[in-house]
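Enquirer: Below are the sequence and a predicted model; questions follow.
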Amino acid sequence: MGDRAVNSAGPLADAPDVPSSLRPGLRALIALAATGVVVASLVLLNDWGSVFGVLSATRSVSAGQPPLPADAAATPLATPEVAPAGEGGFTVLLRQEGTGEPVGWDPCRPLRYVVNDEYAPPSGQYLVQSAVAELQRLTGQVFVPEGTTQEEPSDRRAAVQKDRYGDRWAPVLIAWSEPGAASGLAGPVAGYAGPQAVDGAQPDTQRYVTGQVVLDGPQLGELAAGSAGLARARGVLLHELAHLMGLDHVEDRAELMYPSTTLLGVDFAEGDRRGLAAVSGRPCRTDW
Ligand SMILES: [Zn+2]
(Lines give C-alpha, C1' and ligand atoms only; values in the text may rest on other atoms or scores of the structure.)
Protein backbone atom coordinates (compact mmCIF):
# COMPACT_ATOMS: atom_id res chain seq x y z
CA MET A 1 0.00 0.00 0.00
CA GLY A 2 1.21 3.47 0.13
CA ASP A 3 -0.40 6.11 -1.82
CA ARG A 4 -4.08 5.74 -1.76
CA ALA A 5 -6.47 3.60 -3.66
CA VAL A 6 -4.75 3.97 -6.92
CA ASN A 7 -2.54 1.18 -5.68
CA SER A 8 -5.38 -1.17 -5.75
CA ALA A 9 -6.83 0.24 -8.90
CA GLY A 10 -3.73 -0.78 -10.76
CA PRO A 11 -3.73 -4.53 -10.20
CA LEU A 12 -7.49 -4.65 -10.17
CA ALA A 13 -7.75 -2.96 -13.47
CA ASP A 14 -5.42 -5.62 -14.82
CA ALA A 15 -7.64 -8.44 -13.68
CA PRO A 16 -11.17 -7.17 -13.88
CA ASP A 17 -12.75 -10.53 -14.60
CA VAL A 18 -11.21 -12.51 -11.80
CA PRO A 19 -13.70 -13.27 -9.06
CA SER A 20 -12.72 -11.63 -5.83
CA SER A 21 -12.83 -14.99 -4.06
CA LEU A 22 -9.88 -16.11 -6.14
CA ARG A 23 -7.84 -13.00 -5.68
CA PRO A 24 -7.96 -12.13 -2.03
CA GLY A 25 -4.78 -10.14 -2.24
CA LEU A 26 -6.34 -7.77 -4.67
CA ARG A 27 -9.39 -6.99 -2.77
CA ALA A 28 -8.42 -4.51 -0.18
CA LEU A 29 -8.82 -1.63 -2.40
CA ILE A 30 -10.27 1.60 -1.95
CA ALA A 31 -10.65 2.05 1.62
CA LEU A 32 -12.70 4.83 2.73
CA ALA A 33 -12.31 6.02 6.16
CA ALA A 34 -14.96 7.10 8.40
CA THR A 35 -14.76 10.64 9.38
CA GLY A 36 -16.24 12.12 12.38
CA VAL A 37 -18.18 15.14 11.90
CA VAL A 38 -18.87 17.89 14.07
CA VAL A 39 -21.66 20.19 14.15
CA ALA A 40 -23.26 21.38 17.28
CA SER A 41 -24.82 18.47 19.07
CA LEU A 42 -24.07 15.93 16.55
CA VAL A 43 -23.72 12.29 16.88
CA LEU A 44 -20.83 10.55 15.41
CA LEU A 45 -22.53 7.72 13.67
CA ASN A 46 -19.58 5.81 12.48
CA ASP A 47 -16.23 5.25 14.00
CA TRP A 48 -14.97 2.28 12.14
CA GLY A 49 -11.80 4.05 11.32
CA SER A 50 -11.57 2.56 7.89
CA VAL A 51 -13.22 2.74 4.66
CA PHE A 52 -16.06 4.48 3.02
CA GLY A 53 -16.54 7.10 5.60
CA VAL A 54 -19.73 8.34 6.91
CA LEU A 55 -19.90 12.01 7.47
CA SER A 56 -22.37 11.42 10.22
CA ALA A 57 -25.72 12.91 10.77
CA THR A 58 -26.47 15.82 12.96
CA ARG A 59 -29.36 15.75 15.31
CA SER A 60 -30.17 19.37 15.15
CA VAL A 61 -28.95 22.60 13.74
CA SER A 62 -28.53 25.83 15.50
CA ALA A 63 -29.26 28.01 12.52
CA GLY A 64 -32.98 28.03 13.02
CA GLN A 65 -35.62 26.54 10.78
CA PRO A 66 -36.17 27.90 7.31
CA PRO A 67 -39.71 28.31 6.02
CA LEU A 68 -41.58 25.45 4.44
CA PRO A 69 -40.54 25.47 0.80
CA ALA A 70 -43.08 26.05 -1.91
CA ASP A 71 -42.13 22.79 -3.55
CA ALA A 72 -43.32 20.62 -0.67
CA ALA A 73 -46.10 18.47 -2.11
CA ALA A 74 -49.00 16.93 -0.23
CA THR A 75 -48.11 13.41 -1.31
CA PRO A 76 -44.85 11.59 -2.11
CA LEU A 77 -43.34 12.66 -5.42
CA ALA A 78 -42.58 9.10 -6.48
CA THR A 79 -42.82 5.53 -5.26
CA PRO A 80 -39.91 3.50 -3.89
CA GLU A 81 -38.97 0.22 -5.50
CA VAL A 82 -40.37 -2.79 -3.67
CA ALA A 83 -37.67 -4.33 -1.49
CA PRO A 84 -36.46 -7.88 -2.20
CA ALA A 85 -38.07 -10.56 -0.04
CA GLY A 86 -36.26 -11.56 3.10
CA GLU A 87 -34.93 -9.66 6.04
CA GLY A 88 -31.91 -7.73 7.14
CA GLY A 89 -28.61 -7.20 5.43
CA PHE A 90 -28.50 -3.51 6.25
CA THR A 91 -27.98 -1.01 9.05
CA VAL A 92 -29.41 2.47 9.22
CA LEU A 93 -27.53 5.52 10.45
CA LEU A 94 -30.20 6.98 12.66
CA ARG A 95 -33.50 5.95 14.21
CA GLN A 96 -36.25 7.94 15.91
CA GLU A 97 -35.60 7.90 19.62
CA GLY A 98 -39.05 6.73 20.67
CA THR A 99 -40.38 4.58 17.88
CA GLY A 100 -37.09 3.26 16.58
CA GLU A 101 -38.22 3.87 13.03
CA PRO A 102 -35.43 4.62 10.55
CA VAL A 103 -34.90 8.32 9.87
CA GLY A 104 -35.20 9.26 6.22
CA TRP A 105 -35.80 12.10 3.82
CA ASP A 106 -39.15 13.74 3.23
CA PRO A 107 -40.55 12.03 0.11
CA CYS A 108 -42.87 14.98 -0.55
CA ARG A 109 -39.97 17.27 -1.34
CA PRO A 110 -37.27 16.97 -3.96
CA LEU A 111 -33.76 16.30 -2.74
CA ARG A 112 -31.88 19.21 -4.24
CA TYR A 113 -28.16 18.94 -4.85
CA VAL A 114 -25.27 20.99 -6.13
CA VAL A 115 -21.96 19.70 -7.46
CA ASN A 116 -18.52 21.12 -6.85
CA ASP A 117 -16.64 19.77 -9.86
CA GLU A 118 -13.27 21.35 -9.13
CA TYR A 119 -11.55 17.95 -8.98
CA ALA A 120 -14.03 15.96 -11.05
CA PRO A 121 -12.56 13.28 -13.33
CA PRO A 122 -13.63 13.12 -16.99
CA SER A 123 -16.26 10.57 -16.04
CA GLY A 124 -17.48 12.64 -13.11
CA GLN A 125 -20.68 13.93 -14.63
CA TYR A 126 -21.65 10.48 -15.85
CA LEU A 127 -20.90 8.93 -12.47
CA VAL A 128 -23.02 11.42 -10.55
CA GLN A 129 -25.95 11.35 -12.96
CA SER A 130 -25.94 7.57 -13.24
CA ALA A 131 -25.71 6.96 -9.51
CA VAL A 132 -28.31 9.59 -8.67
CA ALA A 133 -30.71 8.05 -11.19
CA GLU A 134 -30.29 4.64 -9.57
CA LEU A 135 -30.89 6.00 -6.08
CA GLN A 136 -33.95 7.86 -7.29
CA ARG A 137 -35.32 4.71 -8.90
CA LEU A 138 -34.82 2.60 -5.80
CA THR A 139 -35.89 5.09 -3.15
CA GLY A 140 -38.59 7.12 -4.89
CA GLN A 141 -36.76 10.19 -3.65
CA VAL A 142 -36.76 12.75 -6.43
CA PHE A 143 -33.34 14.32 -6.92
CA VAL A 144 -33.15 17.75 -8.52
CA PRO A 145 -29.79 19.09 -9.72
CA GLU A 146 -29.17 22.76 -9.04
CA GLY A 147 -25.97 23.08 -11.02
CA THR A 148 -22.49 23.66 -9.76
CA THR A 149 -21.17 25.39 -6.68
CA GLN A 150 -17.90 26.74 -5.37
CA GLU A 151 -18.72 25.54 -1.88
CA GLU A 152 -16.03 23.37 -0.33
CA PRO A 153 -16.89 20.36 1.80
CA SER A 154 -16.65 20.92 5.54
CA ASP A 155 -17.14 18.86 8.66
CA ARG A 156 -18.92 21.87 10.05
CA ARG A 157 -21.15 22.57 7.12
CA ALA A 158 -24.14 24.70 8.04
CA ALA A 159 -27.53 23.25 7.14
CA VAL A 160 -28.76 26.72 6.23
CA GLN A 161 -26.54 29.06 4.22
CA LYS A 162 -28.63 32.09 3.42
CA ASP A 163 -25.97 34.02 1.56
CA ARG A 164 -25.18 31.17 -0.76
CA TYR A 165 -28.45 29.28 -1.14
CA GLY A 166 -31.18 31.48 0.33
CA ASP A 167 -33.46 30.99 3.30
CA ARG A 168 -33.97 27.25 3.08
CA TRP A 169 -32.10 24.05 3.80
CA ALA A 170 -28.88 24.13 1.85
CA PRO A 171 -28.91 21.67 -1.05
CA VAL A 172 -26.89 18.50 -0.67
CA LEU A 173 -23.27 19.14 -1.62
CA ILE A 174 -21.66 16.57 -3.89
CA ALA A 175 -18.03 17.61 -3.90
CA TRP A 176 -15.31 16.25 -6.16
CA SER A 177 -12.30 16.97 -4.04
CA GLU A 178 -8.88 15.57 -3.24
CA PRO A 179 -6.93 14.84 -0.04
CA GLY A 180 -5.13 18.17 0.00
CA ALA A 181 -8.44 20.01 -0.01
CA ALA A 182 -10.50 17.63 2.12
CA SER A 183 -8.54 15.98 4.91
CA GLY A 184 -11.21 13.29 5.24
CA LEU A 185 -9.93 11.88 1.97
CA ALA A 186 -6.45 11.23 3.34
CA GLY A 187 -4.96 7.79 2.90
CA PRO A 188 -6.91 5.23 0.93
CA VAL A 189 -10.24 6.93 1.43
CA ALA A 190 -12.10 7.28 -1.85
CA GLY A 191 -15.11 9.06 -0.47
CA TYR A 192 -17.30 9.75 2.51
CA ALA A 193 -20.82 10.95 2.90
CA GLY A 194 -23.64 11.50 5.28
CA PRO A 195 -26.93 13.27 5.81
CA GLN A 196 -27.79 15.92 8.35
CA ALA A 197 -30.94 15.43 10.37
CA VAL A 198 -33.08 17.92 12.21
CA ASP A 199 -35.75 17.39 14.81
CA GLY A 200 -39.35 18.04 13.91
CA ALA A 201 -41.95 19.91 15.96
CA GLN A 202 -43.20 16.64 17.42
CA PRO A 203 -41.24 13.78 18.99
CA ASP A 204 -39.95 11.10 16.66
CA THR A 205 -40.15 13.25 13.56
CA GLN A 206 -36.48 13.68 12.78
CA ARG A 207 -35.79 13.89 9.10
CA TYR A 208 -32.82 14.47 6.85
CA VAL A 209 -32.69 17.88 5.25
CA THR A 210 -29.27 18.16 3.66
CA GLY A 211 -25.91 16.42 3.58
CA GLN A 212 -22.62 15.97 1.84
CA VAL A 213 -21.00 13.47 -0.48
CA VAL A 214 -17.24 13.99 -0.76
CA LEU A 215 -15.37 12.14 -3.48
CA ASP A 216 -11.69 11.79 -4.25
CA GLY A 217 -11.72 12.92 -7.87
CA PRO A 218 -8.17 11.96 -8.89
CA GLN A 219 -8.44 8.56 -7.21
CA LEU A 220 -11.85 7.70 -8.65
CA GLY A 221 -10.81 9.03 -12.02
CA GLU A 222 -7.91 6.63 -12.08
CA LEU A 223 -10.14 3.78 -11.00
CA ALA A 224 -12.74 4.66 -13.61
CA ALA A 225 -10.18 4.71 -16.41
CA GLY A 226 -9.65 0.92 -16.23
CA SER A 227 -11.72 -1.46 -18.34
CA ALA A 228 -13.97 -2.56 -15.52
CA GLY A 229 -13.25 0.53 -13.53
CA LEU A 230 -16.15 2.71 -14.53
CA ALA A 231 -18.62 0.30 -12.97
CA ARG A 232 -16.52 0.09 -9.83
CA ALA A 233 -16.21 3.85 -9.58
CA ARG A 234 -19.97 4.06 -10.00
CA GLY A 235 -20.24 1.51 -7.20
CA VAL A 236 -18.37 3.89 -4.92
CA LEU A 237 -20.84 6.66 -5.75
CA LEU A 238 -23.79 4.35 -5.12
CA HIS A 239 -22.27 3.45 -1.75
CA GLU A 240 -21.81 7.10 -0.79
CA LEU A 241 -25.26 8.10 -1.94
CA ALA A 242 -26.72 5.26 0.12
CA HIS A 243 -25.02 6.83 3.16
CA LEU A 244 -26.68 10.09 2.19
CA MET A 245 -30.04 8.31 2.16
CA GLY A 246 -29.38 6.99 5.67
CA LEU A 247 -27.63 3.62 5.41
CA ASP A 248 -24.62 2.64 7.49
CA HIS A 249 -22.01 -0.04 6.85
CA VAL A 250 -22.55 -3.77 7.12
CA GLU A 251 -20.03 -6.56 7.66
CA ASP A 252 -21.27 -8.74 4.83
CA ARG A 253 -18.95 -8.19 1.91
CA ALA A 254 -21.63 -9.26 -0.53
CA GLU A 255 -23.40 -5.99 0.15
CA LEU A 256 -22.36 -2.72 -1.40
CA MET A 257 -22.49 -1.14 2.05
CA TYR A 258 -19.49 -3.21 3.04
CA PRO A 259 -16.93 -0.59 4.06
CA SER A 260 -14.43 -1.12 1.28
CA THR A 261 -14.71 -1.77 -2.39
CA THR A 262 -14.65 -5.30 -3.73
CA LEU A 263 -14.53 -6.60 -7.25
CA LEU A 264 -18.15 -7.56 -6.91
CA GLY A 265 -19.20 -4.28 -5.45
CA VAL A 266 -20.60 -2.53 -8.46
CA ASP A 267 -24.27 -2.53 -7.59
CA PHE A 268 -26.61 -2.84 -4.65
CA ALA A 269 -27.23 -6.34 -3.31
CA GLU A 270 -30.42 -7.53 -1.64
CA GLY A 271 -29.61 -6.30 1.85
CA ASP A 272 -28.65 -2.89 0.51
CA ARG A 273 -31.94 -2.68 -1.33
CA ARG A 274 -33.91 -3.71 1.72
CA GLY A 275 -32.08 -0.96 3.58
CA LEU A 276 -32.86 1.63 0.94
CA ALA A 277 -36.50 0.61 1.13
CA ALA A 278 -36.40 0.95 4.92
CA VAL A 279 -35.20 4.54 4.81
CA SER A 280 -37.49 5.41 1.90
CA GLY A 281 -41.13 6.32 1.94
CA ARG A 282 -40.90 7.95 5.35
CA PRO A 283 -43.69 10.31 6.37
CA CYS A 284 -44.08 13.66 4.64
CA ARG A 285 -43.43 16.60 6.93
CA THR A 286 -45.39 19.80 7.12
CA ASP A 287 -43.93 21.49 10.21
CA TRP A 288 -40.90 22.88 8.37
ZN1 LIG B 1 -19.17 3.89 3.61
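Expert: That came through, no problem. Numbering: from 1, shown residues only.
Enquirer: quick one: which helix or strand includes residue 137?
Expert: With secondary structure defined by DSSP states H and E, residue 137 is part of helix 124-139.
Enquirer: next structured bit after that helix?
Expert: Next along the chain after helix 124-139, with elements defined by DSSP H and E, is strand 143-148.
Enquirer: Pull the residues that contact that following strand.
Expert: In this structure, residues lying in contact with strand 143-148 by Cβ atoms under 8 Å, 6 or more residues apart in numbering are 110-117, 132, 135-136, 171. No exception for glycine: its C-beta is placed from N, CA and C like everyone else's.
Enquirer: How far off centre is the next helix or strand after it?
Expert: On the C-terminal side of strand 143-148, the closest following helix or strand by DSSP H and E is helix 162-165. Computed by Cα atoms, centre = their mean, to the nearest Å, the chain-centroid distance of helix 162-165 equals 23 Å.
Enquirer: cool, and stretch 201-213?
Expert: The offset between the C-alpha centroid of stretch 201-213 and the centroid of the whole chain comes to 15 Å, using Cα atoms, centre = their mean.
Enquirer: and residue 237, that one's in a helix?
Expert: Yes. Secondary structure assignment (DSSP: H, G, I helix; E, B strand; the rest coil) places residue 237 inside a helix.
Enquirer: Residue 211 is in contact with residue 194, correct?
Expert: Yes. Counting by Cβ atoms under 8 Å, residue 194 sits close enough to residue 211 to count as a contact (5.8 Å).
Enquirer: about what we covered before: what's the offset of the helix holding residue 137 from the middle of its chain?
Expert: 11 Å.
Enquirer: what's that helix packed up against?
Expert: strand 143-148, helix 217-224, helix 229-245, helix 270-279 (3 or more Cβ pairs under 8 Å, 6 or more residues apart in numbering; DSSP states H and E).
Enquirer: right, and those - which one's nearest residue 78?
Expert: Comparison of the helices and strands packed on helix 124-139 against residue 78 by Cβ to Cβ identifies strand 143-148 as nearest, at 10.1 Å.
Enquirer: so where is this structure shaky, pLDDT-wise?
Expert: With pLDDT under 70 as the threshold, the chain has low-confidence stretches at 1-70, 288.
Enquirer: which stretches of it form strands?
Expert: When secondary structure is read from DSSP state E, the chain shows strands at 53-54, 111-116, 143-148, 172-177, 191-198, 207-216.
Enquirer: Same list, those, but as CSV with mean neighbour count and distance to residue 277 please.
Expert: What follows is those, written out as CSV (neighbours: other Cβ atoms under 10 Å; distance: least, Cβ to Cβ, whole Å):
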stretch, mean neighbour count, distance to residue 277
strand 53-54, 29, 20
strand 111-116, 22, 16
strand 143-148, 14, 17
strand 172-177, 26, 20
strand 191-198, 28, 17
strand 207-216, 28, 16
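Enquirer: Save the contacts of strand 143-148 as JSON lines, and put in distance to residue 238 too.
Expert: As requested, the contacts of strand 143-148 are exported to JSON lines (distance: Cβ to Cβ, whole Å):
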{"residue": "110", "distance to residue 238": "20"}
{"residue": "111", "distance to residue 238": "15"}
{"residue": "112", "distance to residue 238": "20"}
{"residue": "113", "distance to residue 238": "15"}
{"residue": "114", "distance to residue 238": "19"}
{"residue": "115", "distance to residue 238": "16"}
{"residue": "116", "distance to residue 238": "19"}
{"residue": "117", "distance to residue 238": "19"}
{"residue": "132", "distance to residue 238": "10"}
{"residue": "135", "distance to residue 238": "7"}
{"residue": "136", "distance to residue 238": "12"}
{"residue": "171", "distance to residue 238": "20"}
